[in-house]
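the following block contains a protein sequence and its predicted model.
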Amino acid sequence: MAIRLLPDTLANQIAAGEVIERPASVVKELVENSLDAGARSIRVETADAGLSKLVVQDDGCGIPQDELALALTRHATSKIVTTTDLFHIHTFGFRGEALPSMAAVSRLTLTSRADGAAEAWQITPDGELQPAALGQGTRVEVADLFYATPARRKFLKSVRAERMAIHDVLHKFALANPHINLTLFEDGAETWHVPAAQGELLQAVHPRLRELMNDDFARQALPLTATRGDEHGARLEGYISPATLHTGTSRQQFIFVNGRAVKDRSLQAALKNAYGDRIPGGRHPLAVLFISLPPEEVDVNVHPAKSEVRFRDANSLFGLVFGAVREALHGSVPTSAAMPLADAFRPAAMPATPSWQAPAPVTMDLQAPPDKLWKGEAPVGAPQAPAALPAEHHPLGAALGQIDATYIVAENADGALVVVDQHAAHERLVYEALKAQFVAGRIAAQPLLLPVTVPLKAPEVDALLAHAEDLARFGLEVEQRGPTAVVVTAVPQLLADVNPATLLHDVVGDLLELTPRTTLNAKLEHVLATLACHHSIRAGRRLSLAEMNSLLRQMEQTPDSLTCNHGRPTVVSLDKVALEKLFARR
Amino acid sequence: MKLSISRETLFRALRHMSAVVEKRTSIAILGNVRLKAQDNKLETTATDNDLAVQGVAEAFVDEAGVTTVNAQKLFEIVSKIPEGVMVAMELADGGSRLGLTAGKARFSLATLGAEAFPDMTKVDGGVAFDIPSADMKKLLDKVQFAASGDETRAYLTGVYLHTVEADGQKLLRTVATDGHRLAKADLACPEGAEEMPDVILPRKCVTELRKLADEAKTLHVTVSEKKIQAEAADIVLTSKVIDANYPDYDRVIPKDNTAGMVVPRKSLMQAVDRVSILSHEKTRSVRFKLEVGHLALSANNPDQENASEELKVDYDKVPLEVGFNARYLSDLGGQVGGDDMCFFFKDSASPVLVKDPADDSTTFVVMPMRV
């Protein structure tokens, strides 16, 4: 067969295979176009989840009459002009493929009234240009999607699944663009609407968290802001869940780079690692992270759907996310009472929004003995009156006694009932103290009498040696033995009983994604955690009130004491409102 | 099968079984002991598939036969029968039950067919020799402490038993190391053992061999590439050996450590014991500061507490500072029998040689710690 240049129609259909996979990708491409056109309000209409009809209408800058036909031609775009522009991409689109691809696989009607134009013009599926009625902006109607490529149609999932996919896409846009008014009509009825919000990004996006994430996240999310470098450097903003809130999947983690939703394993790993032992194994934090970078720092031209990007300095971004999340978590010490049920968290910088109201501070008579709740019949450990405590400094309150010699019961100044698992809490305190000592001191190394040769792949050897100095600080010393093997000459004394080869393989395993010290650190922390477990107050031990109060005060001063080393909560509290609800007083 | 046997004889035959039998096993028959009666003898065998112990006892056998019953229960029953009582055993219900009568007490135990019982007591080929029990015990005792507990490197968990030729003399040698320290013990090669294959004895085997050595004056040992067997009086122990190559240990035994220090063992051990109270409880590091005639020990912990102690020692080389794991030092002190210990240093990072001046047949090496 002779080699021929493909006709345009076929080329466009092939390109559509990459960009237009399902109705949701049409929504994504069209909404991105609207955003690029500077729209303030976007309306999406679907019928049969977009399979029979899909309309996206905006109030953006519009397309002049004489450019309408060109817009449907492949590689026609207003967004970039030169190659240099390709590496300074400020817009979502730039390939000039979306519209012609859609037009190739559907009956597409493009209607637009450009900024300042007197009338709207429309280009029909048959290519006819005719006057039309429309306010300023653009309306794209995609009918009979995939009628031209029946094979693709067969690969589509159920209407329900396609509808969910559209929702997912719109949710991401809603999170990333809080200043845009977004409306969704499905089969003729308005099913979803988010009004445009005002103010700074973090503040504007907050009202949307309840709907797009969930109630708990909206109430408890910790805000974070961090920058790296000067005003041209990277900027990170967002919300993360406190350590006590987590889910079984990582699907509730949204990362936006310059407004674009991306999947990035390394940034997700940075997030997860920053939580470290604060959340149980196999659980994932929730997060909405916005990263702004100068366009030349990020390459979005990796994947036609642009869901993956490449960073010029991925390591520094890893550090930025890791550091900011760590700090935000550290900031959430119990003095601000971010307890699982307490709802009392309110960062100072943020104005309160209706979804976010802290319970009004209950003024309580501090002179009244807190143990009046327990008159006689309650199993109070030692019936001595606790010293009155200044209210606001002690969110964990004054200890009342123990239940089952395992749980400390306390009442705080807001009248909330606070229950603390004494073993879990103390274990965390001892662990944090051990960690602090460990970090302060030098890490003892046990050189090996019989050095262990570990065969590895050549890139692994290189990666390992690149980190050799870092590892040596942790007591793990390696030397190269040929291109595909290293010799372990010393191991951290705390891990001296472990097979050095296994240890090294574990370190190498995470090497390509993370820094090896994260792995080593985790292993060392595990040893310290075991040590802490053996040195902490056991469940079943009777404590005096003085001991209980001292434990509560120490917890208030220790970061991360809300969860034990294994990520389980150490504190549960029922505020006054919750108690009243229990007794049907409300 | 039908027999009667005195309680003491049966107890003796069973006494080594309980250490071998797996208490929790997915293979039911490994929890059983095999009883084989013939020619007025009762042969008892227990195994965990790696190690087998067999005892032979005099009995009045009316009817020969073989069966297996739960070892733990049988042992418990026999140990609770008063001394001097005759025990009668008889298979019943077509072999599915073993009836046991002792005085007025009757027991009926469930049996499992003996055909499925793994018999690993046979050793193919191999070299056989006799060795005084005390010598065998010493070879094992002096080195086993240095073996590793890390099951992922099985070869380091065992004791390497082999022969070497040194200064024209054939020696039987044991070595154990966990990669941080090493112990070596030598013995003039017993007659007949010269051609013995090199084997690594698993930990359980070493433990049982040491117990066995208490049973008789001499052990009759057979060593093949795959197994080791030791007989003492009425008990036979058979064990598989670890199928691996032992590392080239000779390479790490220092040959040019010239800085020798002689220190009274007791006072060193007591000083280490005291000073290490304030060492890091997990790393247990103790620092040696060595000057002419004089050793200073010190330790500190993350709470900024510290301890030090000075000892007079016999040392006349350059000053030296070395860190040790206190546990390794205590282990060494436990193996040195004489009044003094000899340390030979090269520098603060190289392996340290430790000798017992009263016993030239043992050698210890310990790697210093970097603190």
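Sure thing, it's come through. The structure presented is a predicted model; accordingly, all values stated were derived computationally and were not measured. Residues are numbered from 1 along each chain as shown, chains lettered A, B, ... in the order given.

do I have it right that A:Ser25 meets A:Val19?
Yes: contact criterion C-beta atoms under 8 Å: A:Ser25 and A:Val19 qualify, at 6.4 Å. Where you see a C-beta, it was placed from the backbone N, CA and C, and this is true even at glycine.

how about low-confidence regions in the stretch 1-150 of chain A?
Low-confidence segments of the stretch 1-150 of chain A, defined by pLDDT under 70: A:1, A:15-18, A:74-76, A:79-90, A:93-96.

could you check which residue of it lies nearest chain B?
A:Glu21 (46.7 Å; C-beta to the nearest C-beta).

any buried residues in the strand ranked longest in chain A, and which?
Secondary structure of chain A read by DSSP state E shows that its longest strand is strand A:445-455. Under the neighbour-count criterion of 16 or more other C-beta atoms under 10 Å in any protein chain shown, strand A:445-455 has A:445-452, A:454 buried.

ok, then the element right after that strand?
Toward the C-terminus, strand A:445-455 is succeeded by helix A:458-466 as the next helix or strand (DSSP states H and E).

so for that next one, mean pLDDT?
In this model, helix A:458-466 has a mean pLDDT of 81.

using PDB, list the CA coordinates for it.
Extracted C-alpha coordinates of helix A:458-466, given in PDB (Å, rounded to 0.1, in the frame of the first residue of the first chain):
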ATOM      1  CA  ALA A 458      22.900  -0.100  38.400                       C
ATOM      2  CA  PRO A 459      20.500   2.900  38.700                       C
ATOM      3  CA  GLU A 460      19.700   1.900  42.300                       C
ATOM      4  CA  VAL A 461      23.400   1.800  43.100                       C
ATOM      5  CA  ASP A 462      23.800   5.300  41.700                       C
ATOM      6  CA  ALA A 463      20.800   6.600  43.500                       C
ATOM      7  CA  LEU A 464      22.000   5.100  46.700                       C
ATOM      8  CA  LEU A 465      25.500   6.500  46.400                       C
ATOM      9  CA  ALA A 466      24.100   9.900  45.700                       C
END
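
and that helix, what does it pack against?
strand A:477-480, strand A:485-492, helix A:500-509 (3 or more C-beta pairs under 8 Å, 6 or more residues apart in numbering or on different chains; DSSP states H and E).

which of those is buried the deepest?
strand A:485-492 (a mean of 20; mean count of other C-beta atoms under 10 Å in any protein chain shown).

neighbours around the nearest residue to B:Ile27 once chain neighbours are set aside, how many?
Sequence neighbours aside, B:Asn49 is the residue nearest to B:Ile27 in space, at 7.8 Å (criterion: C-beta to C-beta, 6 or more residues apart in numbering or on different chains). Close neighbours of B:Asn49, defined as other C-beta atoms under 10 Å in any protein chain shown, add up to 12.

same thing with the one 3 residues further on?
B:Ala52 has 24 neighbouring residues, counting by other C-beta under 10 Å.

that's a strand at it, yeah?
Yes: applying DSSP: H, G, I helix; E, B strand; the rest coil, one finds B:Ala52 inside a strand.

and it, what does it touch?
B:20, B:45-46, B:119-121, B:237-239 (C-beta atoms under 8 Å, 6 or more residues apart in numbering or on different chains).

same thing but 6 Å
Residues in contact with B:Ala52, defined by C-beta atoms under 6 Å, 6 or more residues apart in numbering or on different chains, are B:120-121, B:238.

ok, A:Lys172 next?
Contacts of A:Lys172 by C-beta under 6 Å, 6+ apart are A:Ala261.

which residue packs closest to A:Phe173, ignoring adjacent ones?
A:Val31 is the one closest to A:Phe173 (C-beta to C-beta, 6+ apart), at 5.5 Å.

follow-up on the earlier one: least reliable of the helices and strands packed on helix A:458-466 going by mean pLDDT?
Of all those, helix A:500-509 has the smallest average pLDDT, which comes to a mean of 79.

dihedrals phi and psi, the residue nearest to A:Phe173?
A:Val31 adopts backbone torsions of phi -70, psi -40, taken as degrees, to the nearest 10.

what about it, neighbour count?
When counting by other C-beta under 10 Å, one arrives at 23 neighbours for A:Val31.

how about B:Ser361?
The burial count for B:Ser361: 15, using other C-beta under 10 Å.

go on, B:Pro82?
9.

again with the one 4 residues further on
The local packing count at B:Met86 equals 15, with neighbours defined by other C-beta under 10 Å.

check contacts around A:Thr247.
When contacts are counted by C-beta under 6 Å, 6+ apart, A:Thr247 touches A:His284.

and the residue nearest to B:Ile27, which of the three is it?
Relying on three-state DSSP, one would call B:Asn49 coil.

contact partners for residue 325?
Picked chain A for this. A:240, A:271, A:274.

hm, I was asking about chain B
Counted by C-beta under 6 Å, 6+ apart, B:Asn325 has contacts B:284, B:369.

what score does it have for pLDDT?
Note for B:Asn325: predicted pLDDT of 92.

bridged to it, which residues?
B:Ser285 (DSSP bridges).

most neighbours of all the contacts of B:Ala52, which one?
B:Thr238 (23 neighbours).

burial count for B:Tyr155?
Neighbours of B:Tyr155 using other C-beta under 10 Å come to 16.

that one belongs to a helix?
Yes: assessed with three-state DSSP, B:Tyr155 lies in a helix.

distance of it from A:Leu450?
Here B:Tyr155 is placed at a distance of 11 Å from A:Leu450 (C-beta to C-beta, to the nearest Å).

now B:Asn70
Taken as C-beta to C-beta, the span from B:Asn70 to A:Leu450 is 43 Å.

any idea how far the most centrally placed residue in chain A is from A:His179?
In chain A, the residue lying closest to the centroid (C-alpha atoms, centre = their mean) is A:Ala287, at 2.4 Å. According to C-beta to C-beta, A:Ala287 stands 21 Å off from A:His179.

and what of A:Arg553?
According to C-beta to C-beta, A:Arg553 stands 45 Å off from A:His179.

for these two, indicate the residue with more neighbours.
Comparing A:Arg553 with A:His179 by other C-beta under 10 Å, the one with more neighbours is A:Arg553, at 15 against 12.

am I right that the more buried one falls within a strand?
No: using three-state DSSP, the assignment for A:Arg553 is helix, not a strand.

pull the number of nearby residues for A:Thr248.
Rather than Thr, residue A:248 is Gly. Neighbour tally, A:Gly248, other C-beta under 10 Å: 9.

tell me the phi and psi of the residue lying closest to it once chain neighbours are set aside?
Distances taken as C-beta to C-beta, 6+ apart place A:Arg283 nearest to A:Gly248, at 6.5 Å, with adjacent residues excluded. Main-chain torsions, A:Arg283, degrees, to the nearest 10: phi -100, psi 160.

my read: A:Trp121 touches A:Gln65, true?
Yes: shown here, A:Trp121 and A:Gln65 form a contact pair, counting by C-beta atoms under 6 Å, at 4.3 Å.

comparing these two, which shows the higher neighbour count?
Counted by other C-beta under 10 Å, A:Trp121 and A:Gln65 do not tie: A:Trp121 has more neighbours, with 22 against 18.

packing partners for the helix or strand hosting the more buried one?
Here A:Trp121 sits within strand A:120-123, counting by DSSP H and E. Under the contact criterion of 3 or more C-beta pairs under 6 Å, 6 or more residues apart in numbering or on different chains; DSSP states H and E, strand A:120-123 touches strand A:107-113, strand A:129-132.

tell me the most buried of these?
strand A:107-113 (a mean of 22).

which strands border that one, and is each parallel or antiparallel?
strand A:120-123 (antiparallel), strand A:137-143 (antiparallel).

what's the end-to-end length of stretch B:283-295?
Criterion C-alpha to C-alpha, to the nearest Å; first-to-last residue distance in stretch B:283-295 is 21 Å.
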